[in-house]
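In: Got a predicted structure here, sequence first:
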Amino acid sequence: MDTTRPPRAGAHRTRRAEARFGLAAIAPAALLLLIFLVIPTLLAFALSFTNAKLIAQGAPEFVGIQNFQRLLGVEIATVDVERDASGAIERGDDGEPVYPSARELQAEADPVLKKSELGSWQSGDASSKTYLLVGDPIFWKALLNTFLFVIVVVPVQAGLALALALFVNLRMRGSNLFRTVIFIPVVTSMVVVSILWLFMYQRDGLINQVLASVIPGYEFVDWLANPQTALPSIIVMSIWQAVGFHMIIWLSGLQTIPGELYEAARLDGAGAWRRFTSVTWPGLRHTAVFVLITITIAALGLFVQINVMTQGGPLDSTQTLVFHAFTAGYGKQQMGYGSAIAVVFFVLVLTISLIQRRLTREKD
Amino acid sequence: MKFSKPGASVALVAVASLALSACSSPGASSSGPVDVSLWTHAAGNPAEIALIEELTTAFNESQSEYAVSIEDLPQASYNDAIVGAAAAGDLPCILDVDGPVMPAWAYAGYLAPLTVDSAVEESLIGGVKGYYDDTLYSVGLYDAATAIVTRESILSEFGIRVPTVDEPWTGEEFDAALATLQSSGEFENALDMGTGWTGEWYPYAFSPFLQSFGGDLIDRDSFETAEGVLNGPEAIAWGEWWQGLFEQGYVSTKESADRERFAEGTVAMQFNGIWAAKTAADTFDDVLFLPTPDFGAGAKIGAASWQWGISSACENPEAAQAWIDFALQKEWLVRFSNETGNIPATAEAAAESDLFQPGSPYLQFVENSATLALIRPATPAYPVIAKVFEKAAADIMNGADVQRALDAAVDEINADLAANNYYE
C-alpha cells in the first residue's frame, strides 16, 4: 500500500465493510464448527470428570479424576509363592507353582478402581511372581493395536499412493480409467466397503477361494475370526480403501512441479531415479507433510471397520481407542468414562501431530 | 429380529429424528380430539408397522376424545432417539421398549406405571409383562421364543431321540448328538448358534444356557453382585462347555449373519428364533422345532420382546392407557401373532391364531415360551450386563481362559453397580 498518500475518506468504511463481509462469509462454517466440533469437545472434557450415564436418574455428579484413575491406573505387585507347612513350594495339578491370583490381591480394592492382570512374570527360582495390574486392560490393548495399525498403515498407504500417483502421472493410455478405478473405494461409504470385505474375508469368501485356486493344498483361513489375522486383515482393507484419496493428493503435488526442472535435469544427464530423488521428491515436500499428517490422524481414529467387521474381537485383537470409547459411552452407557477415553485420545492425537509438525517443519 | 444391533449412523439418525419430532410436538387444538404421540421401533418391519397403523386408526375411530399419531423409527437408532428425546424433555406419550431395557428406562424416570385391568394382566403370558420393582411398566402384544431347529430325517438317521419340554435332552445327550453329527462327516458343523449376530442376540440366546447350568448374569435376589453367579462353578462349567462347542468344531465361531447354512444343509441343527421358523418350515417338510437341552438346572430359553409403555412426560396418560387396553383385546393379539409370526400374548389368542393350532410344528415355540422362558434380569444395569456378557461369551468362544474371562465380567458388572450406588 502507498503510505505517502493520506487515506481517502471512504477507505476506512470500505475496509470495515470488507471485514463485515468476511465475518458473514465464515459465519455459516464457524457456526457449524462451533455446534458440531467445539461444543461437543468441550462437553467431552466436562463430562470426563463426571459419572454421567446415557440413561440416568438425576444429573451427573462430579467425580474428580476417578475416570482417569480407572483408565490409566497402573500398579506392579509382587507375590510370594504359596508354600505348605514344611516350606516346600506348592504345586498345582499341572505341576506349576501356585501363586495368589491377581484377583485375590485386588479383592479389597474399591470395585470401581479394581485393577486386573495385564501380564505377569515368575522369578527365576519360582519363589515369587510379579503382576502388571492395570485399571482397564482393554485400553492398553486398544492403544497397542492402534499404534500397530498406524505404524503399518502410514508408510505403506503413503508409499503405495505415491507409487500409484507416479504411475498415473505418466499419462499413458488408460491412466484416467485407472485413476477412476483406484478412486472408487474412496467415494464409497466405509460401512459399505466394510460389509463387502466382511464377506470377502469369510471362510468361503472370495479371498480364500482365490488363494485356494492359486496355491495348491491351501488351507482356508477364517481371516476375521483368528486373533493372529484379524488386525492384519483390517490393515490391508483399510490401506486399499483410502489409497486412492492420497494418490490424488500426491498427484496434485506432482502437477505443481514445473516441467522445466525435469527438462533441465534430463539435459544434465539425470536418469529416472535421479530425477525422482532430486526433482520430484524435493518438490513434494509440502504434499508429503500433508499426506503424513492426514493419514496418521485418520489411522489413529480407526473405528468404522472395527464396528462393522469385528467388534474389537476376537480376543481384543482389534480393539482400538475410538471403538473402546464408543463401547463405553454408548454400549455400556458410561458417558463419563467414555468421555475420559475420548479426552485421552484427543491429547494423544494432538501430541503426535505436534511432534510430526515439529519434525517436518522447514529448517531455515 | 428381536434384538438390537448397534448402527454406525446411530447419532445422525437420532439427531434427525429429534429434529423431526421437534416439528411435530403435540399441540392440543381447542376443538376436536387431543393429539397423543406414539413412537415405535418398527419402521423396518412392514407387517408390524402396518398393523400398528391399522390398530391406531381403529382406536381413533372408536372414540372421539383422542387422536393417536404414529412416528415410526428404525430399530437400530430407536433407543438413542428415546434417550435423546428424554434429555430434551420431548418424550412421546406412548412408546415401545425392548423388554430387558425397560428397567433402565423405568429407573431413569422415562416410564410411568401401567394400570392394566387385573383380569387382563392375569391372562397375559409371563414373557409379555414387564415388571420392575414389582410394578408393571410395559406389556407386549406378542412374545418371541427360541428353539433348536433340525429335521426329523436327520435325527432318525443318526438315532437321536426327539426331545420334549417334559423330557428335554440332557447335557450329555446333547453333546453326544453333536459328536455323532459332527463325526458323520455329512455336515461342516453340527450346529449353527448364530455367532455372527452381535449385540443383544448373545445375552438373549446364550445366557439361558448359562442359566440351565445353574449360573446367571447377576444374583437375582439382591441385584447387587454377580460374584459367585457369573463366575461360580456352574458358570465355569457352562464356559467350558461353550468353549468346547467351538474347539470340537461343532459350531463355527464366525457364522455369517444370513444364517442360511441350515437351509443349505451344511449344518445339522440351528438354534434360532421364532422369526426364522417360517423360512425353515418352507424349506424342509420334516422340520422340527425342539426345546433346548437341560444341563442340570432345567432347560431354559430367553423371554421378552418389544413391549408398550407410557412415558412419564405424557400429559394424557389415560389416553395412552386406553390405547394399550384397546390393543390388548383378543382380536388384535390374534392378528399380531398371525401377521408377525410371533407367539400370542394370551392363551385365548393362541387358540384362535393361525400358526399355533394343534399339530402345528410352531406350537413348540409356544410350549418353549410357556415352560422354559426366563426373563433377562430386571435391573437398570441390564444394558451394561448385556454388553459385558456378550464380550465374555465371545472371548470364551475364541479361546480365552474361562475363569479369567468370567472373573473379568463379574468385576466389570460389579464396578458398574458400585459406581451407580446399586441403582437404588
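Out: Looks like it arrived, so ask away.
In: need the residues of the stretch 51-200 of chain B near chain A, please.
Out: Where the stretch 51-200 of chain B comes near chain A, counting by Cβ under 8 Å from any Cβ of the partner chain, the residues are B:80, B:83, B:86, B:104, B:105, B:107, B:108, B:109, B:110, B:198. Yep, even glycine has a C-beta here, placed from its N, CA and C like the rest.
In: Take these and keep only those in helices.
Out: Assigned to helices by DSSP state H, the following of these qualify: B:80, B:83, B:86, B:104, B:105, B:107.
In: Kindly indicate which of those residues lies nearest residue A:157.
Out: Among these, residue B:80 lies closest to residue A:157 (Cβ to Cβ), at 32.8 Å.
In: residues near the closest one, how many?
Out: A count of neighbours around residue B:80, defined by other Cβ atoms under 10 Å in any protein chain shown, yields 21.
In: how much space is there between it and residue A:332?
Out: The span separating residue B:80 from residue A:332 equals 14 Å under the rule Cβ to Cβ, to the nearest Å.
In: Which phi and psi values does the residue nearest to residue B:261 when sequence neighbours are not counted adopt?
Out: Computed as Cβ to Cβ, 6 or more residues apart in numbering or on different chains, the closest residue to residue B:261 that is not its neighbour in sequence is residue B:267, at 4.6 Å. In terms of degrees, to the nearest 10, the main-chain angles of residue B:267 are phi -130, psi 150.
In: give the contact list for residue B:267.
Out: B:187, B:188, B:189, B:190, B:191, B:192, B:261 (Cβ atoms under 8 Å, 6 or more residues apart in numbering or on different chains).
In: that older thread, would you reformat the ones in helices among the residues of the stretch 51-200 of chain B next to chain A as a markdown table and include pLDDT?
Out: Formatted as a markdown table, the entries for those read as follows, by pLDDT from 0 to 100:
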| residue | pLDDT |
| --- | --- |
| B:80 | 84 |
| B:83 | 87 |
| B:86 | 90 |
| B:104 | 93 |
| B:105 | 94 |
| B:107 | 94 |
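In: So which residues on the stretch 1-150 of chain A come close to chain B?
Out: Applying Cβ under 8 Å from any Cβ, we find that the stretch 1-150 of chain A lies next to chain B at A:51, A:53-57, A:103, A:110-112, A:114, A:116-117, A:137.
In: circling back to that earlier point, sitting in strands, which of the contacts of residue B:267 do you find?
Out: Cross-referencing the contacts of residue B:267 against strands under DSSP state E gives B:189, B:190, B:191, B:192.
In: where does the stretch 251-400 of chain B dip in pLDDT?
Out: Under the criterion of pLDDT under 70, none of the stretch 251-400 of chain B is flagged as low confidence.
In: circling back to that earlier point, show me which of the ones in strands among the contacts of residue B:267 is closest to chain A.
Out: Taking Cβ to the nearest Cβ as the measure, residue B:189 is the one of those closest to chain A, at 10.6 Å.
In: just checking, that closest one touches residue B:182?
Out: Yes. With contact taken as Cβ atoms under 8 Å, residue B:189 and residue B:182 are classed as touching, separated by 7.2 Å.
In: Please enumerate the shared neighbours of these two.
Out: Looking at what touches both residue B:189 and residue B:182 (by Cβ under 8 Å, 6+ apart), the common residues are B:249, B:250.
In: So for those two, which residue has more residues nearby?
Out: When residue B:189 is set against residue B:182 and neighbours are counted by other Cβ under 10 Å, the residue ahead is residue B:189, at 22 against 19.
In: which ones are touching that one?
Out: B:182, B:249, B:250, B:251, B:252, B:261, B:266, B:267.
In: ok, now how distant is it from residue B:348?
Out: Looking at residue B:189 against residue B:348, where the rule is Cβ to Cβ, the gap reads 41 Å.
In: Residue A:101 now?
Out: As judged by Cβ to Cβ, residue A:101 and residue B:348 stand 55 Å apart.
In: Who has more neighbours out of these two?
Out: Remark: of residue A:101 and residue B:348, residue A:101 carries more neighbours, 17 against 13, as counted by other Cβ under 10 Å.
In: Contacts only, for the more buried one.
Out: In this structure, residue A:101 makes contact with residue A:117, judged by Cβ under 8 Å, 6+ apart.
In: May I have the phi/psi pair for it?
Out: Torsion angles at residue A:101 (phi, psi; degrees, to the nearest 10) stand at phi -80, psi 160.
In: Just the pLDDT at residue A:274, thanks.
Out: The predicted local confidence for residue A:274 comes out at a pLDDT of 91.
In: dump the residue contacts of it.
Out: If you count contacts by Cβ under 8 Å, 6+ apart, residue A:274 has them with residue A:265.
In: Let me know the helix or strand that it is in.
Out: Assigned by DSSP states H and E, residue A:274 belongs to helix A:272-275.
In: now that helix, how far from the chain's geometric center?
Out: Here helix A:272-275 shows a centroid-to-chain-centroid distance of 34 Å under the convention Cα atoms, centre = their mean, to the nearest Å.
In: Out of the residues of the stretch 1-150 of chain A next to chain B, who's the most crowded?
Out: Taking other Cβ under 10 Å to define a neighbour, the member of the residues of the stretch 1-150 of chain A next to chain B with the most is residue A:53, carrying 25 neighbours.
In: Perfect, that will be all.
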